[in-house]
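Undergrad: Fold the following and give me the result.
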Amino acid sequence: MNTVTPRVFIAATRQNDGKTTTSLGLIAALQKHFPRIGYIKPVGQRFVEVAEQKIDEDTVLMDSVFRLNCPLVDMSPIAVEPDFTRKYLQAANNETLVKKIQKAFDRVAWEKDFVLCEGSGHAGVGSVFDLSNAQVAKHLGCKVIIVARGGIGKPIDEVALNQALFDKEGVEIIGVILNQVLDDKVDYVADFARRGLKRKGLELLGVIPHQIILSQPTMDLVREELDAEVVNDPPSLHAAVEDVVVGAMGAQNAQHYFKPGVLLITPGDREDILAAACASGHAMAGIVLTGGLKPGSASLRALRALRLPVLLARDDSYVVASKVHDLTVKTRPSDAEKISLIRDIVARNVNLKRILDSL
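TA: Next up is the predicted model:
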């Protein structure tokens, strides 16, 4: 296996702590030093179908943003399908899987100046089929950066837990990046987190301030999560949902909530609320009609004339609101504003020189 090309493995203390955000920002920053960068997510759990291949969705994002000039199947060699673990436990084939990852890494690293490897969840994810993040990092000869959610006590406790597993596998940790730290606490958290990590023999590489837009779903993500029909023909589905209002009140009271960035969720037969929404003139993020109910023809015409997205969902209002609330917001290739912001905040808040020196 290639042991020459510089590489780093991005791990985390939990799922959805900011690995992909950090990875995207780091690739953008590293391109100033390494023009040809490769990317691999050896073990992926959330995938999409591309040319009849199961490709991790983060791989699709990276390739779309950076045009990495490498087959997607090599950047995402193992997709953990629903029955993957059961099959492995019935007939373990660890050596085969390790070789598959290593060969995929070799192809990703071909003629590249640097390779960024992104893990999946915390250090132990994948242990059940003997491919934990710590084991994969070892197999690929990577040093590791751990991403943790902002704070002091809890993230350091979680980092220490992950550190134990990387140490067990003999994998060196370069340092820690804290993500989603409140703006007014960045300096405070950086000071004390640096002290706490130093006691564990670890270095703080950066503190990334919380950016609310990165946690706001777009209307397209809402549409996808609800498997909803688009009723009208809006210019775009990229508007961010900043707040949610459930239309379960009279129209006179509901209209006070019709503001920019608001997603209105209401049964499709509440024509009084829909009429008020159409007449409000506010550029809301969108409207979701629930219960699979379409309004009468006059209301439907008014909704179709709106420039904001109007979706029709089968579920009732409570279920729709719950699904929107529980959405895991992932950056998508079409999220140009978010991607630009990620590039900027990582470049400004992560000590890239220290990472390069450690490699």
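
Undergrad: So what's the predicted local confidence for Gly281?
TA: Here the pLDDT value assigned to Gly281 is 69.

Undergrad: Pop the domain breakdown of the protein in here.
TA: The chain resolves into domains spanning 7-212+332-358, 217-325 when parsed by automatic domain parsing.

Undergrad: got those as TSV, with distance to Met1 and mean neighbour count columns?
TA: From N, CA and C alone the C-beta is placed, and that goes for glycine too. Formatted as TSV, these follow (distance: least, CB to CB, whole Å; neighbours: other CB atoms under 10 Å):
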stretch	distance to Met1	mean neighbour count
domain 7-212+332-358	4	19
domain 217-325	37	18
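
Undergrad: any idea of the mean pLDDT for stretch 71-83?
TA: Stretch 71-83 comes out at a mean pLDDT of 94.

Undergrad: cool, stretch 210-224 as well?
TA: Throughout stretch 210-224, pLDDT has a mean value of 95.

Undergrad: now swap in stretch 52-67 and tell me
TA: Taken as a whole, stretch 52-67 has an average pLDDT of 94.

Undergrad: So what touches it?
TA: 20, 23-24, 27-28, 31, 37, 39-41, 44-50, 68, 70, 72-73, 75-76, 79, 81, 118, 330-333, 339 (CB atoms under 8 Å, 6 or more residues apart in numbering).

Undergrad: Could you list the low-pLDDT ranges of the stretch 151-300 of the chain?
TA: Within the stretch 151-300 of the chain, the set of residues satisfying pLDDT under 70 comprises 281.

Undergrad: the helices in it, which residues?
TA: For the stretch 151-300 of the chain, the helices identified by DSSP state H, counting those that start in this stretch occupy 153-168, 186-198, 219-226, 251-254, 271-280, 297-304, in order along the chain.

Undergrad: and of the ones you listed, who's closest to Lys87?
TA: Judged by CB to CB, the one of the helices of the stretch 151-300 of the chain that comes nearest to Lys87 is helix 153-168, at 24.4 Å.

Undergrad: how much does that closest one deviate in direction from helix 186-198?
TA: Computed with axes from the mean of the first three to the mean of the last three CA atoms, to 10 degrees, the direction of helix 153-168 lies at 40 degrees from that of helix 186-198.

Undergrad: For helix 153-168, list the C-alpha coordinates in CSV.
TA: In CSV, the C-alpha atoms belonging to helix 153-168 read as follows (Å, rounded to 0.1, in the frame of the first residue of the first chain):
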residue,chain,number,x,y,z
GLY,A,153,-15.9,19.2,30.2
LYS,A,154,-18.1,17.1,28.0
PRO,A,155,-16.0,17.2,24.8
ILE,A,156,-12.7,16.5,26.7
ASP,A,157,-14.3,13.6,28.4
GLU,A,158,-15.5,12.2,25.1
VAL,A,159,-12.1,12.9,23.4
ALA,A,160,-10.4,11.0,26.2
LEU,A,161,-12.7,8.0,25.6
ASN,A,162,-11.9,8.1,21.9
GLN,A,163,-8.2,8.6,22.6
ALA,A,164,-8.0,5.3,24.5
LEU,A,165,-9.1,3.4,21.4
PHE,A,166,-6.7,5.2,19.0
ASP,A,167,-3.9,4.6,21.5
LYS,A,168,-4.8,0.9,21.7
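
Undergrad: Not counting its own residues, what contacts that helix?
TA: Residues beyond helix 153-168 that count as contacts (CB under 8 Å, 6+ apart) turn out to be 11, 13-14, 122-124, 132, 134, 137, 144, 146, 148-149, 172-173, 176, 178, 193, 196-197, 200, 202.

Undergrad: How far does it sit from its chain's centre?
TA: 22 Å (CA atoms, centre = their mean, to the nearest Å).
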